[in-house]
Each structure stands twice: as structure tokens, then as C-alpha cells.
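Chemist: The following block contains a protein sequence and its predicted model.
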Amino acid sequence: MSMFDKAELSVHVSEEDGKIQAEFTPPADFPPFHGHFPGNPILPGIAQVSLITEILNRAHGSGFVLETVKRVKFLAPALPEKCLSVEVTSRPGETEGTVAVEAVLRTDGKKVSVLKLHYRRAAA
């Protein structure tokens with residue numbers, strides 16, 4: 001079960017360039033906000049990585065497993081009730097069976113984070 005199962009998450013794959021566009025507005029009671037930080041909730045980095053994994057699995061079928069976090073840059077806080085626009089691009093990874101992913105999260109057009117991740121497709 002994913003923390004996003006009950007969350008409002010919209011995912012669209014562009015037919016033109018294969019990019020994935022998604023939108024997610026984390027509700028104030030979204031579990032990752034609990035304790036991070038009391039009185040000043042910010043979406044934790046691990047929840048942002050999990051969001052990318054969820055988007056990838058919804059767009060291309062389940063089975064993608066995070067293998068490596070290559071680079072993450074946090075530029076602004078991701079806040080409750082603020083829509084996150086997510087753009088995900090992927091290409092074949094350096095090793096067979098892997099996928100290299102770059103994701104950019106934005107709120108109100110401003111970059112929140114940039115993530116470079118590698119995934120492996122789990123065996124069926």
C-alpha cells in the first residue's frame with residue numbers, strides 16, 4: 001500500500017515526447033507532514049522521492065523500484081495545500097534494465113526540487 005493510495009494525484013503521459021506531467025496537492029493531514037515539522041510542515045525529501053516513484057508506476061505500470069538517488073536539489077519548501085506540478089523525463093539507464101529519471105517539482109511556477117534517480121524494473 002502506498003501513501004498516495006488515498007491522495008488526489010493526476011498523471012498524464014505526453015504522446016508527443018513521452019514526458020510525464022503530474023499534479024499533486026498534499027492535504028494538510030497527509031501523513032509525511034506529521035512531525036516534519038510541528039507548526040511548520042514541509043513535505044520531506046523522502047516523500048518527494050516516493051511521489052516520483054508513484055508517478056512512474058502509475059504512468060508505465062507498477063514494478064519500478066528505486067535503485068539509486070543520483071542527485072537531489074531542494075530549492076524551496078513543498079507545503080501543505082499547495083499544488084505541486086511535476087515533470088518527469090526518463091531514458092534508458094547506464095546498465096541493462098535500469099531507467100534514469102529526472103524530475104522537477106514546481107509550485108506556482110517556482111522550482112521546489114530537482115531529482116535525478118535511477119530505477120530498476122522489478123521482475124514479474
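Modeler: Noted; the coordinates are in hand.
Chemist: Work out which residue lies at the spatial centre of this structure.
Modeler: Nearest residue to the geometric centre of the chain (C-alpha atoms, centre = their mean): residue 52, 2.1 Å.
Chemist: And that one, how close does it get to residue 11?
Modeler: Noted for residue 52: a distance of 11 Å to residue 11, by C-beta to C-beta, to the nearest Å. C-beta: built from backbone N, CA, C; applies to glycine.
Chemist: cool, residue 25 as well?
Modeler: Distance, residue 25 to residue 11, using C-beta to C-beta: 14 Å.
Chemist: Tell me which of the two has more neighbours.
Modeler: Each of residue 25 and residue 11 has its neighbours counted (other C-beta atoms under 10 Å); residue 11 has more, 18 against 15.
Chemist: which stretch of helix or strand covers that one?
Modeler: Using DSSP states H and E, residue 11 maps to strand 9-13.
Chemist: correct me, but the residue nearest to the centre of the chain touches residue 87?
Modeler: No. If you go by C-beta atoms under 8 Å, residue 52 and residue 87 don't touch, sitting 10.5 Å apart.
Chemist: between the two, what contacts are shared?
Modeler: residue 103 (C-beta atoms under 8 Å, 6 or more residues apart in numbering).
Chemist: Using CSV, list the CA coordinates for stretch 72-92.
Modeler: Only the C-alpha atoms of stretch 72-92 are listed here, as CSV (Å, rounded to 0.1, in the frame of the first residue of the first chain):
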residue,chain,number,x,y,z
VAL,A,72,18.6,15.9,-5.3
LYS,A,73,18.5,19.6,-5.0
PHE,A,74,15.9,21.2,-2.7
LEU,A,75,15.2,24.8,-3.8
ALA,A,76,12.1,25.8,-1.8
PRO,A,77,9.8,24.1,0.7
ALA,A,78,6.9,21.9,-0.5
LEU,A,79,3.9,23.0,1.6
PRO,A,80,0.5,21.6,2.5
GLU,A,81,-2.4,22.6,0.3
LYS,A,82,0.0,23.9,-2.4
CYS,A,83,-0.3,22.2,-5.8
LEU,A,84,2.9,20.5,-6.9
SER,A,85,3.4,20.4,-10.7
VAL,A,86,5.7,17.5,-11.5
GLU,A,87,7.5,16.9,-14.8
VAL,A,88,9.3,13.5,-15.2
THR,A,89,11.6,12.6,-18.1
SER,A,90,13.1,9.2,-18.4
ARG,A,91,15.6,7.4,-20.6
PRO,A,92,17.3,4.0,-20.5
